[in-house]
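# Fold the following, please.
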Amino acid sequence: MGWLDRFRRAPAPLPDPMEEALAAFRAGDHATALALWEPLARAGDARAQANIGACFAEGLGVPADAPLALKWLNLAAEAGHPPGQRNLAALFLRGGRGVEVDFARAADLYRRAAEAGDALAQDMLSWMLLEGEVMPPDPAEARRWALKAAEGGVAASMTRLGMLHHHAMGVERDVAEAARWWRMAAERGDADGQAMLGAAHHLGAGVARDGVAALAWLLRAEAGGSELARPFLNPVRAGLPPGDIAEAERRAAAPLPEAAA
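From the prediction side, this is the model:
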């Protein structure tokens, strides 16, 4: 290669501080991530502001500090950054030293982020509309937002859709549709979805009655921390011979189906 060819070569691209910070954060090096985000945040980058705020809210790389979390998340939220709005809503929902609980503001922020397409905010808005503690209950509206969140891949909303269909909340009762949603959630690792799918197989509600499948899903759910699995585990196990129990345990320990990817 001649000197002119070397001269004409494009320079190597400069490293992207945001990508470097995200890589450090994913590797558990929160302090490095914060150091890279800080100049970006002070220059007005809403994404960096939201990330710094989330670190102060959760105590990642820095001591938890609710007022500093509020400062940075508020900047991101005012800039219209949906994850910043969502994380600020979570801060107002739980409060903290120096930050008062404000359900009305939390609900407003979740709605703004949901309307902007943030799937996790859509999931939270759906939950609040169903629980009725932060805002008046509205099962039909809860279902609408759960569908949007499910389209965005949020497994918790898939489980909630199953509950809505099973209990006829804002929709006609349909146990087969409920089981379909629980399977989608279960295969994506949602412990409550796994518990409900296991219960459905135990009862034959919307799916074939299958003790081995029931126990396998319930065991996964228990390992994932779902309280919903506990009432079903002993009755299901008691109805199975040792060989079926061993098979259920084998299935529960296996990787989830490829369809969950």
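
# Give me the domain ranges for the protein.
Here the domain assignment for the chain is 15-116, 153-255, based on automatic domain parsing.

# Quick check: which of those is nearest to Trp127?
Closest approach to Trp127 among these (C-beta to C-beta): domain 153-255, 6.9 Å. To be clear about C-beta, it is placed using only N, CA and C from the backbone, and glycine gets the same treatment.

# residues contacting the residue nearest to Arg111 when sequence neighbours are not counted?
In this structure, Arg111 finds its nearest non-sequential neighbour in Leu125, 5.9 Å apart by C-beta to C-beta, 6 or more residues apart in numbering. Contacts for Leu125 (C-beta atoms under 8 Å, 6 or more residues apart in numbering) come out as Ala107, Tyr110, Arg111, Ala114, Trp145.

# Leu125: which element?
For Leu125, the element it lies in under DSSP states H and E is helix 119-131.

# C-terminal to that helix, what's the next element?
Once the chain leaves helix 119-131, the next helix or strand it forms, by DSSP H and E, is helix 139-151.

# Off-centre distance for that following helix?
14 Å (C-alpha atoms, centre = their mean, to the nearest Å).

# what does stretch 230-241 give?
On C-alpha atoms, centre = their mean, the centre of stretch 230-241 falls 29 Å from the chain's centre.

# how about that stretch: buried residues?
Buried positions in stretch 230-241, judged by neighbour count with 16 or more other C-beta atoms under 10 Å: Phe232, Leu233, Val236, Arg237, Leu240.

# Out of the residues you listed, which sit inside helices?
Judged by DSSP state H, the subset of the buried residues of stretch 230-241 located in helices is Phe232, Leu233, Val236, Arg237.

# filter the contacts of Leu125 to the buried ones?
For those, buried by 16+ other C-beta under 10 Å: Ala107, Tyr110, Arg111, Ala114, Trp145.

# could I get those residues as a markdown table with secondary structure and pLDDT?
Formatted as a markdown table, those follow (DSSP: H, G, I helix; E, B strand; the rest coil; pLDDT from 0 to 100):
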| residue | secondary structure | pLDDT |
| --- | --- | --- |
| Ala107 | helix | 95 |
| Tyr110 | helix | 97 |
| Arg111 | helix | 97 |
| Ala114 | helix | 98 |
| Trp145 | helix | 98 |
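
# from these, which two are the most distant?
Pairwise distances across the buried ones among the contacts of Leu125 (C-beta to C-beta) peak at 12.2 Å, for the pair Ala107 and Trp145.

# so Ile245, which of the three states?
helix (DSSP: H, G, I helix; E, B strand; the rest coil).

# Please name the residues that touch it.
Leu215, Arg237.

# Same check on Ala57?
Applying C-beta under 8 Å, 6+ apart to Ala57 gives the contacts Ala64, Ala66, Ala69, Leu73, Asn87, Ala90, Leu91, Gly96.

# Tell me how far it lies from Leu93.
Counting by C-beta to C-beta, to the nearest Å, the gap from Ala57 to Leu93 is 11 Å.
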